[in-house]
Each structure stands twice: as structure tokens, then as C-alpha cells.
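*Asks:* one predicted model, sequence on top.
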Amino acid sequence: MAEPRTAGPDHRDGRVYLSTPETDLAIRVARATGRPLLLRGEPGSGKSSLAPWVAAREKWRYYEHVVTSRTQTQDLMWSFDIVRRFADAPVYAARDEKLDESRYVTPGVLWWAFDRESALRRGAPPPAEPDPTLEPLPLLNRGTKRDGAVVLIDEIDKADPDVPNALLVPLGSREFTVTETGTLVQGAEGSTGNHLVIITTNDERELPAAFLRRCVVLTLPAPDHKRLVEIAQRHLRTYKVAHEHPDPAGLARHLADELQKVRNEAALHGGRPPSTAEYLDTFFACLQLKIVVGDDQWAALCRMTLRKDDQPGWS
């Protein structure tokens, strides 16, 4: 029996991704032009998995920011703790000491990508280290190359429409100035090809035309039957899973059939089609719980993991 599975269901470690020639070309074009790579596709189609996979393949540093409706452009570059700064000001004034604004700065993902050393110092000039900060995802970034980075900006369509347009200058020039401290953050000269920004969208909101013009755009299609089976087999080989299922390969094929059936029904009845992530959830649940196709738990499991938006009239 294999050892237990070593990671959660949403792996961001970059160990598994089934690339295609078109995906590889899009990555090369983005690197050659220095433009962000905008990934479109259904939720669960693997958009967010590409960035950590590229980082792992290149041994580059990896950073990610999941966008919400409250995200502001500055959040991707830096944040400033104005509340703590105001609270500390009287204390420093009483001691007749100068307040160091750098202490209240937290670098964002673009700062870490463009200039890691400056981010570690919160922008304070060397050798000063007023309040050194920790690099995000330290375990994942251990042993990576210092001169390369991949940034994932996930679900940009959830942000206000002004956010994508406001990103055009820092992404295009690979530099910005921290307002509160005057720190200029710049990417190293000639390192454009060693920095890749991958942005994902579920197309829930139309993106500005100016933003689209400055991106390399790739649409990821929903995987077909063969690709689904390959994805399941790759995950099974990569992440050690304790199971005693009699036929994992047959299970992967049957679940691919079932997924396509539910997707067709969703299209017919206006429901939400299940994704690759839900396919994998069902696959691993069957392995762990020893559920086989057609047994008394099979239909209930599929309702829980695939038919979440089940509607009257669906079979």
C-alpha cells in the first residue's frame, strides 16, 4: 500500500500540470515580450495551477495574490499600516526619535518578484534593517533561484475595473514608487524574461480593452476524456495515496465518462458544469473510501461531488 497522500486537494506546489504545446508557446511569448499571461477558462480548468508549475520547473520563486472585490492595485505592490503608524507616533515623539516609515510597509507580490532584497528590508536602504520581513511561501521558495520569479494574480475579474488598468504601468515598466517612503522598486535591468506574471479570469466581468491589449491571452479549454484520465493518473503517481481500490485506472475512465455526462446535462438545463477539480475530488474520494462504480454509495457520492447544482429533470 502506498504512503498517505502528502498534500491537500488544491496543490499549489507545482508538482503536477499537464501542459500542451499551445500553453508552452504562450509562456515563451509572455517571457519574450515581458507581457503578463492572461489565462481564461472555466473555473477548475487548471488556470491557477499553471503558475506554480512554471515556477517549479524553472526553479524560480513563486508568489500569489488571490483577488477579491476589495482588492486595490496597491495591494499587489505594497500595503501601509497607517493605524499602527499613528499609534506609534506619540511614543517616538516623546522619546524625541524619528519615526521610520519603513517599519509600517508590507511588500506585495510584485515587489517580491521585482526586488526580493529590497522587499526583505521593507525598502529601507542597506544595510539598515529596521524591521525585516519574511518572504511569502518560505518552504516553497526554499532553494529557488534568486533571479527569477513567477507571480500569480488569481481571478482578476473579481476586482473593480480600475484595478486592471492601474496595473498596466507597474507591469509594463516593472517599477513603482512606495508613496509613504519614496522607495523606488525596480526589476533588475535585462531580467524581463526571468519574471512571469500569470493572471487568471473566469470572465465574470469584462476586462478593459487597454488591459487586454497588453496581455498575452490564452484560453484553456475544458479537458476531454483522455486528458482527464491522464490528469488523474499523474496525480495518483505524484501524490502518495493510501488506497486498496481494485481498479484505479478503470475508475478514472468511468469518472471521465460521468463528468462528461453531467456537463452535457448542465448545458441542457442551464446548470453549472463540474470542473476538473471536482473530478479529482470524486476520484480520490473513491480511492480512499473504497467506493466502486455502481455500489450503494456511488450515486450519492456523485451527487455530492459532481451534481452540486442538480436540478429537477436531470437523470
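*Replies:* Received the coordinates, thanks. Residues are numbered from 1 along each chain as shown.

*Asks:* for the strand of greatest length in the chain, the distance to its chain's centre please.
*Replies:* For the chain, the strand that runs over the most residues, judged by DSSP state E, is strand 145-154. Its chain's C-alpha centre and that of strand 145-154 lie 11 Å apart, by C-alpha atoms, centre = their mean, to the nearest Å.

*Asks:* can you list the buried residues in it?
*Replies:* Within strand 145-154, the residues scored as buried using 16 or more other C-beta atoms under 10 Å are 148, 149, 150, 151, 152, 153, 154. Every residue, glycine included, has its C-beta placed from N, CA and C.

*Asks:* sheet-wise, list the partners of it with their directions.
*Replies:* Applying DSSP bridges to the sheet, strand 145-154 is found paired with strand 60-66 (parallel), strand 195-201 (parallel).

*Asks:* who's in contact with the spatially closest residue to residue 71 that is not a sequence neighbour?
*Replies:* Leaving aside its chain neighbours, residue 71 sits nearest to residue 159 (4.8 Å; criterion: C-beta to C-beta, 6 or more residues apart in numbering). Going by C-beta atoms under 8 Å, 6 or more residues apart in numbering, residue 159 touches 67, 68, 69, 71.

*Asks:* from residue 117, how far out is the third one?
*Replies:* It refers to residue 69. From residue 69 across to residue 117, the span is 33 Å (C-beta to C-beta, to the nearest Å).

*Asks:* near residue 48, how many other residues are there?
*Replies:* When counting by other C-beta atoms under 10 Å, one arrives at 20 neighbours for residue 48.

*Asks:* is it fair to say it lies in a strand?
*Replies:* No - per DSSP: H, G, I helix; E, B strand; the rest coil, residue 48 lies outside any strand segment and is helix.

*Asks:* for it, which non-adjacent residue is spatially closest?
*Replies:* In space, and not counting its chain neighbours, residue 48 is closest to residue 154: 5.4 Å by C-beta to C-beta, 6+ apart.

*Asks:* same deal with residue 291?
*Replies:* If you skip the residues right next to it in sequence, residue 291 has residue 297 as its closest partner in space, 5.0 Å away by C-beta to C-beta, 6+ apart.

*Asks:* again with residue 186
*Replies:* Excluding its sequence neighbours, the residue lying closest to residue 186 (C-beta to C-beta, 6+ apart) is residue 175, at 4.3 Å.

*Asks:* tell me the pLDDT of that neighbour.
*Replies:* Residue 175 carries a pLDDT value of 94.

*Asks:* residue 103 too?
*Replies:* Confidence at residue 103, expressed as pLDDT, is 88.

*Asks:* tell me the contacts of it?
*Replies:* By C-beta under 8 Å, 6+ apart, residue 103 lies in contact with 85, 88, 122, 130, 131.

*Asks:* how close does it sit to residue 131?
*Replies:* Distance from residue 103 to residue 131, counting by C-beta to C-beta: 5 Å.

*Asks:* doesn't residue 282 make contact with residue 301?
*Replies:* Yes - look at residue 301 against residue 282 with C-beta atoms under 8 Å: they come within range, at 6.6 Å.

*Asks:* higher neighbour count, those two?
*Replies:* Neighbours were tallied for residue 301 and for residue 282 using other C-beta under 10 Å; the higher tally belongs to residue 282 (23 against 17).

*Asks:* circling back: the residue nearest to residue 48 bridge partners, please.
*Replies:* With DSSP bridges as the criterion, residue 154 is bridged to residue 66.
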